[in-house]
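[1] Structure, please.
(chains A and B)
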Amino acid sequence: MNLVAILGGALFGAGVCISGMVRPSKVIGFLDFGGAWDPSLLVVMGSALAVSIVAWRIVAKLRTPRFGVAFPAPPSPLVDARLIGGAAVFGVGWGLSGYCPGPALVSLVSGVTAVFVFCAAMIAAMFIVELDDRSHHPDG
Amino acid sequence: MHNFTPGHAVVGGVLIAVGLAVVLIGTGRIAGLSGITAGIVRPMGGDRSWRVSFLVAALVVGALFELAAPSTFDVGPARPLWLIAISGALVGFGTRLGNGCTSGHGLCGLGRFSKRSLVATCTFFGIAVVTATIAGRLG
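    Predicted structure coming up:
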């Protein structure tokens, strides 16, 4: 099972490096509609989403995962203030720096000070929320 | 449009999603990166080993890119350090309250047409565009 996670992580790491998601200047080039707009990130998300849709179709045809216990339960339909507020706060943070969690963590290997500052603040904030809220979250 | 790199975007996007799909199909886990990170720092334990394995593998591959092609990464921050720190805290709080980030909601959740993930993704993308556009005007 850990070998599967290693393979998945390696592919993910290569993907964020090749796509340019690890470069905040490129991410902001997409998010900032006022500058020289770069649509690359839209193509990254679109092609990745196509693969994800196929992956869930494969899951629907299988009974149990080969190296696991069960597939995730169907998604909760609950849309509440916590979901929208959290997503909005994340959006402000992402728009300010151009870093989202996965690419930021992979970028630690570049040794750039700002990445360490970002990841330290992000992990500290996650830890505080986890201290306060130990309920299990289903959707990742 | 002069920075548009569609070829790299398609190859990279497919690799990102295949990485998440390998974990989903193989183990039944949703590999959202904020969920993985929070699952490692969560005090009450849980299954850390697959999460650590995933992250370490991603960082090792990142290190190979740093060695072979240093231009993969930016050399400096796009914003002042104090703003980077605030941004990190907002991303940490927001992804845990909203229960997912670009990978968990934007790819895994949207891939199975989850209403929650659709609402979350539209919200964080929209707010990020507004924030980055305003921040870009303020310099």
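[2] give me phi/psi at the nearest residue to residue B:114 once chain neighbours are set aside?
    Nearest residue to residue B:114, sequence neighbours excluded (Cβ to Cβ, 6 or more residues apart in numbering or on different chains): residue A:75, at 3.6 Å. Quick note: C-beta positions are derived from backbone N, CA and C, even for glycine. Residue A:75 adopts backbone torsions of phi -60, psi 150, taken as degrees, to the nearest 10.
[3] Could you list which residues are in contact with residue B:96?
    A:86, A:125, A:126, A:129, A:130, A:133, B:34, B:38 (Cβ atoms under 8 Å, 6 or more residues apart in numbering or on different chains).
[4] And residue A:80, how close does it get to chain B?
    9 Å (Cβ to the nearest Cβ, to the nearest Å).
[5] for residue A:74, same thing?
    8 Å.
[6] That residue: how many residues sit nearby?
    9 (other Cβ atoms under 10 Å in any protein chain shown).
[7] now the helices for chain A?
    Using DSSP state H, the helices of chain A run over A:2-19, A:24-31, A:40-61, A:81-97, A:101-107, A:113-132.
[8] Excluding chain neighbours, what is closest to the residue most central in space within chain A?
    Centroid-nearest residue in chain A, with Cα atoms, centre = their mean: residue A:102, separated by 5.2 Å. The shortest distance from residue A:102 to any non-neighbouring residue, by Cβ to Cβ, 6+ apart, is to residue B:33 (3.4 Å).
[9] Relative to its centre, which residue of chain A is most distant?
    Farthest-from-centroid check, chain A (Cα atoms, centre = their mean): residue A:63, 26.6 Å.
[10] for that one, phi and psi?
    phi -90, psi -50.
[11] how about the helices of chain B, start to end?
    B:6-27, B:33-41, B:49-68, B:81-97, B:110-111, B:115-138.
[12] related to what we said a few turns ago, between the contacts of residue B:96, which is closest to residue A:36?
    Residue A:36 lies nearest to residue B:34 out of the contacts of residue B:96, by Cβ to Cβ, at 29.7 Å.
[13] What residues does the nearest residue to the closest one once chain neighbours are set aside make contact with?
    Closest residue to residue B:34 apart from its sequence neighbours, by Cβ to Cβ, 6+ apart: residue B:95 at 3.6 Å. Residue B:95 sits next to A:86, A:90, A:101, A:126, B:34, B:38, B:101, B:104 when contact means Cβ under 8 Å, 6+ apart.
[14] repeat that for 6 Å
    For residue B:95, the contact set (Cβ atoms under 6 Å, 6 or more residues apart in numbering or on different chains) comprises A:90, B:34, B:101.
[15] Which PyMOL command selects the buried ones in those?
    In PyMOL syntax, the buried subset of these is picked out as below (16 or more other Cβ atoms under 10 Å in any protein chain shown):
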select buried, (chain A and resi 90) or (chain B and resi 34+101)
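[16] Can you tell me how far the residue nearest to residue B:114 is from residue B:113?
    8 Å (Cβ to Cβ, to the nearest Å).
[17] now swap in residue A:52 and tell me
    10 Å.
[18] ok, those two, which is more surrounded?
    Neighbours per residue, other Cβ under 10 Å: of residue A:52 and residue B:113, the larger number sits with residue A:52, 26 against 11.
[19] wait, doesn't the more buried one sit right on residue B:105?
    No - with contact defined as Cβ atoms under 6 Å, residue A:52 and residue B:105 do not form a contacting pair (11.2 Å).
[20] just to revisit the earlier point, count of neighbours near the residue nearest to residue B:114?
    18.
[21] Next: residue B:134.
    Residue B:134 has 13 nearby residues by other Cβ under 10 Å.
[22] Done for today, thanks.
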